[in-house]
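Participant: I would like the atomic coordinates for the input below:
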Amino acid sequence: MQATDFIVARNDLQQCKVIQAQLPAVETLPDEALLVKVTRFAFTANNITYAVLGDRLKYWQLFPAPEGFGNVPVWGLGEVIASKHPGIAAGEALFGYFPMSTHLVIEAADVSKRGLRDAAAHRQGVSPVYNAYTRVSGDPAFAGKQGDYQALLRPLFALSFVVDDFLGENEFFGTKRVLLSSASSKTAYGLAHLVHARGIKTIGLTSAGNVAFVKSLGCYDEVVTYDQVNALSADQPVAYVDMAGSSPLRATLHQHFGEQMRYSGIIGLTHRKSSPGDAAQPLPGAKPQFFFAPDQIRKRAREWGPGGFDARFGAAWAGFVPKLDQWMKVSEHRGPAAVQRAYLDTLNGRVPPDQGLMLSLSE
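Facilitator: Numbers count the residues shown, from 1 in each chain. Predicted structure coming up:
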């Protein structure tokens, strides 16, 4: 049996191809290993960020590829088709971090009723969330469209939730206004939904073509195009959550707000041509800093105790999901050619903001 992998050139993300690999025979799998068929996965701009930061944050090591290439990690669903673990049966459904592939071998460890982790040596040294799999057989929250929402938005909303928690813990750095760039992105509007509910004014920064969509969300108090940011009032403190990673935009905002810029956090890199290193250049106001979600998650896990983080996040997710039927249209695309098109469209900013892409390399 063969697996199909979609891989990209690590030094030029525009270059991509499909390769075939021989799957190991079941009898040769390590003890307690699982052979999983990747049934479908989400693909968003967040996956492009994984690729851009692949070397720096070790994303490329999770799913090995030929020299010079990488397999972009994705969130999705899989089915166990062969198991050498006594506690896991063939046919079980798993939700977690997968390669852009048709199959994955998981070395199951820490198996519980709720989940397991992949103990493969090359997958260590990253945040534990990337090696965890949830057992979701029979769970309606992971079936059909609800499963699509989980893959498309749950990991992104987890980032939204953690950023909102960080801002709230720091009392929004003494501000009553939050600017969000890439306001049409899923992580941004998840965060805007949470911040808006706190009574903090949310200002979405976006391109002219996305203004109507961003306004339709209803979670932004004000929507401003990138070429109009200098018209924003600069007489009161503001916090900036940078989902775009655009160095010129960051510099413009810091120059405009000056010392009223009380927080400047870099979350994403949807504008890939900007250099993260530019954040080190001195700018007026708060020094820009990368926000690393796992640090805040670990902190809260200690403070909130066993199950505390999951309970709070679950409550926030439950309040967010009902919005998604209005905000997103999910489409599924199958086969290598469709996956390649979806990848290049996302890489080059051609996917409408209200579109959610679910993909599979299997025809």
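Participant: every contact and neighbour count from this point should use C-alpha atoms.
Facilitator: Noted.
Participant: biggest helix in this protein by residues?
Facilitator: As assigned by DSSP state H, the longest helix anywhere in the chain is helix 144-169.
Participant: now His196: which helix or strand?
Facilitator: Using DSSP states H and E, the element containing His196 is helix 186-197.
Participant: just want the angle from that helix to helix 144-169.
Facilitator: Put simply, helix 186-197 runs at 60 degrees to helix 144-169, going by axes from the mean of the first three to the mean of the last three Cα atoms, to 10 degrees.
Participant: quick check: mean pLDDT across helix 186-197?
Facilitator: Helix 186-197 shows a mean pLDDT of 97.
Participant: what's the answer for stretch 334-352, then?
Facilitator: Averaged across stretch 334-352, the pLDDT comes to 97.
Participant: could you do stretch 78-87 as well?
Facilitator: 97.
Participant: who touches it?
Facilitator: Residues from elsewhere that reach stretch 78-87 (Cα atoms under 8 Å, 6 or more residues apart in numbering): 26, 29-40, 89-95, 108, 111.
Participant: do stretch 7-25 as well
Facilitator: For stretch 7-25, contacts defined as Cα under 8 Å, 6+ apart pick out 1-6, 51, 65, 68-72, 100, 336, 340, 344, 347.
Participant: quick check on the residues you listed: which are buried?
Facilitator: 3-6, 51, 65, 69-72, 100, 336, 340, 344, 347 (16 or more other Cα atoms under 10 Å).
Participant: now the element after the longest helix of the chain, going C-ward?
Facilitator: The C-terminal neighbour of helix 144-169 among helices and strands, as given by DSSP H and E, is strand 177-180.
Participant: quick one on the thing from earlier: list only those of the contacts of stretch 78-87 flagged as buried.
Facilitator: 29, 33-40, 92-95, 108, 111.
Participant: how about the helices in the stretch 151-300 of the chain?
Facilitator: 186-197, 211-217, 247-257, 293-304 (DSSP state H, counting those that start in this stretch).
Participant: buried ones in the shortest one?
Facilitator: Within helix 211-217, the residues that qualify as buried by neighbour count (16+ other Cα under 10 Å) are Val211, Phe213, Val214, Lys215, Leu217.
Participant: repeat that for the third one.
Facilitator: Of the residues in helix 247-257, Ser247, Leu249, Arg250, Ala251, Leu253, His254, His256, Phe257 count as buried by neighbour count, 16+ other Cα under 10 Å.
Participant: report the backbone C-alpha coordinates of the helix holding His196 in PDB.
Facilitator: Extracted in PDB, the C-alpha atoms of helix 186-197 (Å, rounded to 0.1, in the frame of the first residue of the first chain):
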ATOM      1  CA  LYS A 186     -10.300  33.500  11.400                       C
ATOM      2  CA  THR A 187      -8.000  34.000  14.300                       C
ATOM      3  CA  ALA A 188      -8.700  37.700  14.200                       C
ATOM      4  CA  TYR A 189     -12.400  37.600  14.200                       C
ATOM      5  CA  GLY A 190     -12.400  34.900  16.900                       C
ATOM      6  CA  LEU A 191     -10.400  37.300  19.100                       C
ATOM      7  CA  ALA A 192     -12.600  40.200  18.100                       C
ATOM      8  CA  HIS A 193     -15.700  38.100  19.200                       C
ATOM      9  CA  LEU A 194     -14.100  37.600  22.700                       C
ATOM     10  CA  VAL A 195     -12.700  41.100  23.100                       C
ATOM     11  CA  HIS A 196     -16.000  42.800  22.000                       C
ATOM     12  CA  ALA A 197     -17.900  40.700  24.600                       C
END
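Participant: which pair in the buried ones among the contacts of stretch 7-25 spans the largest distance?
Facilitator: Distances among the buried ones among the contacts of stretch 7-25 were taken as Cα to Cα; the most separated pair is Ala3 and Leu347, at 24.2 Å.
Participant: quick check, Phe41 in contact with Ser362.
Facilitator: No. Contact criterion Cα atoms under 8 Å: Phe41 and Ser362 do not qualify, at 11.3 Å.
Participant: between the two, which is the more surrounded one?
Facilitator: Comparing Phe41 with Ser362 by neighbour count (other Cα atoms under 10 Å), the higher total belongs to Phe41, at 28 against 18.
Participant: make sure the more buried one is indeed in a helix.
Facilitator: No. Going by DSSP: H, G, I helix; E, B strand; the rest coil, the assignment for Phe41 is strand, not a helix.
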